[in-house]
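S.K.: Any chance you could fold what I've pasted below:
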Amino acid sequence: MGRDGIWIRNPCLSVFIRGPKKGMYMTLEQKIGAMLAYGWAGEGETGVNAHAQEIVEQMQVGGVALLGRNVSDDLRQTAETLNELQSISREPLFVIGDQEGGMVARFVDGVTVFPSNMALGATGTPHFAYKAAAATAREMAAIGANYNFAPCVDVNNNPDNPIIGTRSYGESAEKVAGLATWAIKGYQDNGVIACAKHFPGHGDTAVDTHLALPSVPYPRERLDEVELKPFKAAITAGVASIMTTHIMFPAIDPERPSTLSRKIITGLLREELEFEGVVVTDCMEMKAIADNFGTPEAAVMAIEAGVDLVLVCHTLSVQREAREAIIKAVRDGRISESRLDHSVARIRALKERYSLGSRRRVDPAALASILRRPEHLALQKTIAERSVTLVRGEEGIIPLKLTPEERVLVIGLHPTVEPLYEAVKEYHENAGLMRIEGGDAEDALESALEAAAHADALIVPTCPKEPWRAPVNQELQTRLVKSLAGLGGRLIVVAVREPYDLRQFPEVRTYICTYGYRGGSLEAAAELIFGKIEPRGTLPVTIPEETRQVHEESAGSGAPRYF
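M.R.: Take a look at the predicted model:
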């Protein structure tokens, strides 16, 4: 930083931003506010309630984070809410969403939600990542969102990862890097700031950072070859922002998680990888941070580490405490005001790059002509159909051929039983539905087997334990599938989220993966089952070797295998 300001350079931007004391004057509180991105909750949270007013008008935050709770059933109202927030803000706001596609989407109803990143990986067509991101950006921008916490560029090489899974493009660092580059361009070419996450990599963990503090124990050489490769590609592609993760990487910093580590944020990301865009934290109320450091103190530590934008999504009292802790740290000399100036300059440069000052207001009346456009829906359908994967088809029952008198039963524990049944009925009217919920496990299994005995074909959707949703009883699900397989009839298992369910019942011989259950994926599964489309998807991850070995021992020689 020079005497009058700071140069910001990256592959897509080279601009000189005047310092706060030259040009627009900013108080200490305003500088700190610019470095905060807060969510709002409470009564009336789909509008501008008291919480929203306080963070925007009094705290003067630089960005607001949208969660599902803030999105109205009528998206025109959401657009009006964002217009109002922009109108009461001193500076143009970052309006941030998590619109990754698949199971992570803040806007669900009334928009085009594309299949997951892993589904995109399964298509084998990287340009689909660009097209899906471009369409998503156009729809987000129409509602008033200008910043997307996407793409997720984690390399999912741990089948037990409870939080990334299908949010990743796959287990190959090279393929993840390639698809992420296309997605970044798709968002940013269409006016939405992209954010590569979760730096330095969240793919090889078996712990959810919402719940605890994980560690990735690999040497630096391994991190360079796997975790860091997609981030390097994202930086080369000109990604505007990068999100940190709350994970320990002892090979780089044995003392602090990445969000709080100067060695990782400043040393690795800024100096070594030469990233000059905006660095944002993951939410600082996640237990990996809150339980180990406390959110207010961690907010200070993150700025000391080199972070530009501190994200606190939920609790007003915690947001107040975090802001006050940062103010105190500057007044006590722990953080210099010039340190803040660097981050404020980056933030202002990014807002200028995307012309956020002239894009504060959107037209709610225009939404009908932009959301769910026919070409967006056609793309959604194409991606779903190209991604659905026949992992095993060893009995030759795909495509499923039934006479009108023969009955197919869709049965399982997961809520997708009902929508999958509706999709199946499009191709075979003589279909039944059985959703197993609660109650005694033995009674449930007995009822399921009795219903299955009267069916000529069985379709079972399966799913692992899901974050943020009531968990499926995994033991009962496994017993159900194994019991149905033991009947010896036509059984089709559809993994409606991660592909790894097969590990629990390796004897299953007809197995389909959809990589999620939004964006037309269940409909594509039904099309595949009944031969309306050819199986074109390919697994972008490996189902662990022990599954293959168990199956091969039971299948005998000569059976075709799909891994």
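S.K.: When you work out contacts or count neighbours from here on, use the C-alpha atoms and nothing else.
M.R.: Fine.
S.K.: who's in contact with stretch 370-378?
M.R.: 110-112, 132, 135, 138-139, 142 (Cα atoms under 8 Å, 6 or more residues apart in numbering).
S.K.: One more pass at 7 Å, please.
M.R.: Stretch 370-378 is contacted from outside by 110-112, 135, 139, using Cα atoms under 7 Å, 6 or more residues apart in numbering.
S.K.: Can you point out the buried residues in that stretch?
M.R.: 370-373, 376-377 (16 or more other Cα atoms under 10 Å).
S.K.: farthest-separated two in the contacts of stretch 370-378?
M.R.: Farthest apart among the contacts of stretch 370-378 by Cα to Cα are G110 and A135. That separation is 13.7 Å.
S.K.: excluding its backbone neighbours, what's nearest the residue of the chain positioned farthest from its centre?
M.R.: The C-alpha centroid of the chain is most remote from E405, which lies 43.1 Å away (Cα atoms, centre = their mean). Closest residue to E405 apart from its sequence neighbours, by Cα to Cα, 6 or more residues apart in numbering: N430 at 7.1 Å.
S.K.: show me where pLDDT drops low in the stretch 401-550 of the chain?
M.R.: Within the stretch 401-550 of the chain, the segments meeting pLDDT under 70 span 545-550.
S.K.: Can you list the low-confidence ranges for the protein?
M.R.: Short version for the chain, where the test is pLDDT under 70: 1-24, 207, 545-563.
S.K.: So E321 versus N292, what's the distance?
M.R.: 16 Å (Cα to Cα, to the nearest Å).
S.K.: of the two, who's got more company?
M.R.: Ranked by neighbour count (other Cα atoms under 10 Å), E321 and N292 place E321 first, with 15 against 11.
S.K.: In this structure that one contacts T295, no?
M.R.: No: at 8.3 Å, E321 does not count as touching T295 under the criterion of Cα atoms under 7 Å.
S.K.: Tell me who's in contact with the residue nearest to E405.
M.R.: Counted by Cα under 7 Å, 6+ apart, N430 has contacts 404, 406-408.
S.K.: still on that earlier bit, can you tell me which of the contacts of stretch 370-378 are buried?
M.R.: Looks like the contacts of stretch 370-378 have 111-112, 135, 139 buried, using 16+ other Cα under 10 Å.
S.K.: Would you pull up how far stretch 306-320 lies from the middle of the chain?
M.R.: Taking Cα atoms, centre = their mean, to the nearest Å, the mean C-alpha location of stretch 306-320 is offset from the chain mean by 20 Å.
S.K.: now swap in stretch 225-244 and tell me
M.R.: How far stretch 225-244 lies from its chain's middle: 16 Å, per Cα atoms, centre = their mean.
S.K.: ok but G531 is inside a helix, no?
M.R.: No: the assignment for G531 is coil, going by DSSP: H, G, I helix; E, B strand; the rest coil, so no helix is present there.
S.K.: for it, what are its contacts?
M.R.: 398-399.
S.K.: how far away is it from I512?
M.R.: Here G531 is placed at a distance of 13 Å from I512 (Cα to Cα).
S.K.: can you list the domains in this protein?
M.R.: 9-369, 388-555 (automatic domain parsing).
S.K.: Specify the local secondary structure of L491.
M.R.: On the basis of three-state DSSP, L491 is classed as strand.
S.K.: Spell out the secondary structure type for the nearest residue to it once chain neighbours are set aside.
M.R.: With Cα to Cα, 6+ apart as the criterion, L491 has its nearest non-adjacent residue at 4.8 Å, and that residue is L458. What three-state DSSP gives for L458 is strand.
S.K.: what separates L458 from I397, distance-wise?
M.R.: Taking Cα to Cα, one finds L458 at 11 Å from I397.
S.K.: go on, A173?
M.R.: Taking Cα to Cα, one finds A173 at 35 Å from I397.
S.K.: thinking again about what came up before, would you mind checking the contacts of N430 for buried ones?
M.R.: By 16+ other Cα under 10 Å, these give 407-408 as buried.
S.K.: could the buried ones among the contacts of stretch 370-378 go into CSV alongside secondary structure and distance to S358?
M.R.: Below are the buried ones among the contacts of stretch 370-378 laid out as CSV (DSSP: H, G, I helix; E, B strand; the rest coil; distance: Cα to Cα, whole Å):
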residue, secondary structure, distance to S358
V111, coil, 24
T112, coil, 26
A135, helix, 22
E139, helix, 18
